[in-house]
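[1] task: produce atomic coordinates for the following.
(one chain, ligands or ions: 2)
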Amino acid sequence: MTNTTDELIFLATTDIAAVTKGRAMRLADFNRDSSLGWVPANLGIGPFGHIAEGIPFGSSGDLRLKPDHSSLTRIDGIPNQPPVSIAFADIVETDGSPWKNCPRNFLRKVIEDLRTEYGLGVEAAFEHEFTDMSAPSTPTHPFSLAAFRDAEPIGSEVMATFARAGMDPECWLPEYGPHQYEVTVGRTDALAAADRAILVRDTVRAHYTARGRKVSFSPVVTPGGDGTGVHVHFGLDDLDGNSLVFDGSQPGRVSELAARFAAGIVRYAPAMAALYAPLLISYQRLIPNKWSTARAFLGLQNREALLRIAPTNEIDGRDPKSQLHFEFRGADIGANPWLLLGSLLRAGLEGLRQNLDPAPVIEGDLDLDGKHSDLAELPASLDEALTALMADKTVSGWFSTEFLQTFLAIKRDEIAHLKDHSMTEQCEAYSNVY
Ligand code: GLU
Ligand code: MG
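    Ligands and ions are numbered 1, 2, ... in the order given. Coordinates of the predicted model:
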């Protein structure tokens, strides 16, 4: 083990492809004035590791990674690895002003807009599913103790690392799919929650790698297989931290304010799909009967809803008021958590600004051939999702022209790279990255 004075700190950003990148320095030298260099064209690197053609950045230009000291987290307990501190960095110009394309600043800005325009705060938590790709071929039973044991000691080690890092681990579980697992952490302020999501995926992966195993968070690892999602839980609070979601007199016990917010998310869901489901294979998961998202609607405890009113724990008279919240089920690992949560909040903010009618609450299971046949469909492919994004002036208007150009270049490059590949090959290509 290294001496504490030999430890490094990694200043991290996460890019459009949802890959975490950055630069390290000695922890002993890290202080309030610390920042490290960064390059604009780095934003244009797609999931397969090369700069996409057609991005608006060339070989010139310089930026800085400016660490947010409140995000500093020490990840310790990965077998055979020294502890590493990670601080999330905002990407800034060399004079310290925000870079207009910084994904973290995108989330920071909408949090600020909700606070100043409506006096709202947001707490969130990300729930991650993943698949153990190196497990023996015969899967154990869904949700079983045997499946839990298959993952040991990794489950215990991951949860211990999270606890030591102050990441508030909640639950580690064997999921439904073959060799599929899930891990959840507690809710916290929106920006910290998205930072935490980045740490969760990286830390889980590092633990599997340290044990000589391979894990993938990819939305589908085999054609037609079970989906693997990243569900985003969130609620709205007043500025004293009191939840504003609950109103026992309203459908689904959701307050009018929260249902208008939800209406914005439902309304813009098709145009935002490229942001929360950004991979070609994301659309293998966003279909009915996958318990992911069948259509764009607000559903009471329904696991096929885009936006689910999550259940509350009322055992021994626990109060549902502070617990009631939404769960967004459309997203997967291809989405950068800052852009994902930022766009959900932007869409909700639109619901409030435009005073949309409260989203109707769909109760019970879906009847897509009957009474629910008119629920809005999501794009059926990444191509369709990109067209929907560019056609919607509201959603595309949230981003700078440079950012959109970079996003499109990466995604078009990805489509060109994979379009002649079989579904099996596409699944394999993505599971090697995610
Ligand atoms: N695996 C499902 C998905 O793709 C979610 C299952 C669940 O946790 O309800 O989102
Ligand atoms: Mg799950």
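[2] what segments of the stretch 101-250 of the chain are helices?
    With DSSP state H, counting those that start in this stretch, the ranges of helices along the stretch 101-250 of the chain come out as 103-118, 145-151, 154-164, 190-210.
[3] can you add distance to ligand 1 and give those helices back as JSON lines?
    Where C-beta positions appear, they are placed from N, C-alpha and C, glycine not excepted. JSON lines is the format used below for the helices of the stretch 101-250 of the chain (distance: least, CB to the nearest ligand atom, whole Å):
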{"stretch": "helix 103-118", "distance to ligand 1": "22"}
{"stretch": "helix 145-151", "distance to ligand 1": "14"}
{"stretch": "helix 154-164", "distance to ligand 1": "17"}
{"stretch": "helix 190-210", "distance to ligand 1": "15"}
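[4] of those, which stretch is the most buried?
    Ranked by average neighbour count under the criterion mean count of other CB atoms under 10 Å, the helices of the stretch 101-250 of the chain are headed by helix 190-210 at a mean of 22.
[5] quick check: phi and psi on the residue nearest the centre of the chain?
    Central residue of the chain (CA atoms, centre = their mean): residue 337, 3.6 Å from the mean position. Dihedral pair for residue 337: phi -60, psi -30, per degrees, to the nearest 10.
[6] ok, it to residue 188 distance?
    Note on residue 337: its distance to residue 188, by CB to CB, to the nearest Å, is 13 Å.
[7] got it, and residue 425?
    39 Å.
[8] more neighbours: which of these two?
    In this view residue 425 and residue 188 are compared by other CB atoms under 10 Å, and residue 188 has more residues nearby, 17 against 12.
[9] my read: the more buried one touches residue 124, true?
    Yes: counting by CB atoms under 8 Å, a contact exists between residue 188 and residue 124, whose distance comes to 7.5 Å.
[10] what about the residue in the stretch 251-400 of the chain positioned nearest to ligand 1, how many residues close to it?
    Minimum separation of the stretch 251-400 of the chain from ligand 1 (CB to the nearest ligand atom) falls at residue 292, amounting to 3.8 Å. Number of residues near residue 292 (other CB under 10 Å) recorded here: 26.
[11] which residues of this structure lie near ligand 1?
    Among all residues of the chain, those adjacent to ligand 1 (criterion: CB under 6 Å from any ligand atom) are 129, 226-229, 285, 290-292, 303, 329.
[12] so which of those sit within strands?
    For those, membership in strands holds for residue 129, with DSSP state E as the criterion.
[13] of the residues of the chain next to ligand 1, just the buried ones, PyMOL syntax please.
    Selecting only the buried entries of these in PyMOL, with 16 or more other CB atoms under 10 Å as the criterion:
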select buried, resi 129+226+227+228+229+285+290+292+329
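[14] and the residues of the chain next to ligand 1 as a markdown table, adding pLDDT?
    Compiled in a markdown table, the residues of the chain next to ligand 1 are given as follows (pLDDT from 0 to 100):
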| residue | pLDDT |
| --- | --- |
| 129 | 98 |
| 226 | 94 |
| 227 | 97 |
| 228 | 98 |
| 229 | 98 |
| 285 | 96 |
| 290 | 89 |
| 291 | 90 |
| 292 | 90 |
| 303 | 90 |
| 329 | 97 |
